[in-house]
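Asker: the sequence and its predicted three-dimensional model are supplied below.
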Amino acid sequence: MDLQNQQRVKDAAEKYGAENVVVILGSSDAEGAEIYAETVTNGDPTFAGPLAGVPLGLPVYHVFEQEIRDEADEAAWEDQISMMEMVLDPEALSAAVKSMREQFSQHTL
């Protein structure tokens, strides 16, 4: 997660309260998704950005997770996301993010 996005997430958590912010990722690889999820829950593991040492504990989901799909407009899902489900590995992506959420998130949807 680049430094600007880390700062945006940190600012949103400070402004609205961590209990009122949910992070939804759309990463295409499981390793990247896991690192991004760790960053917004337990702090930047590279210790390079604004979230270094800042465990926000935010709830984080991959867009492919059922909880997010259930909230999405069906037509928008078909138009914007369904094609990516066919070419990526939704289960691996969801599992990577879920693992970090279960370990470090302090808040839920």
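Answerer: Structure's in. What do you need?

Asker: what about the strands in the protein?
Answerer: With strands called from DSSP state E, the chain shows them at 23-25, 60-62.

Asker: just name the most buried of these.
Answerer: strand 60-62 (a mean of 25; mean count of other CB atoms under 10 Å). Where C-beta positions appear, they are placed from N, C-alpha and C, glycine not excepted.

Asker: direction included, what does that one pair up with?
Answerer: Sheet pairing of strand 60-62 (DSSP bridges) gives strand 23-25 (parallel).

Asker: take the strands of the chain and write them to a markdown table, including distance to A95 and mean pLDDT.
Answerer: Formatted as a markdown table, these follow (distance: least, CB to CB, whole Å; pLDDT from 0 to 100):
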| stretch | distance to A95 | mean pLDDT |
| --- | --- | --- |
| strand 23-25 | 13 | 97 |
| strand 60-62 | 9 | 98 |
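
Asker: which of the ones you listed sits closest to Y16?
Answerer: Nearest of the strands of the chain to Y16, taken as CB to CB: strand 23-25 at 12.3 Å.

Asker: please enumerate residues in contact with that closest one?
Answerer: 9, 33, 36-37, 40, 58-63, 68, 97 (CB atoms under 8 Å, 6 or more residues apart in numbering).
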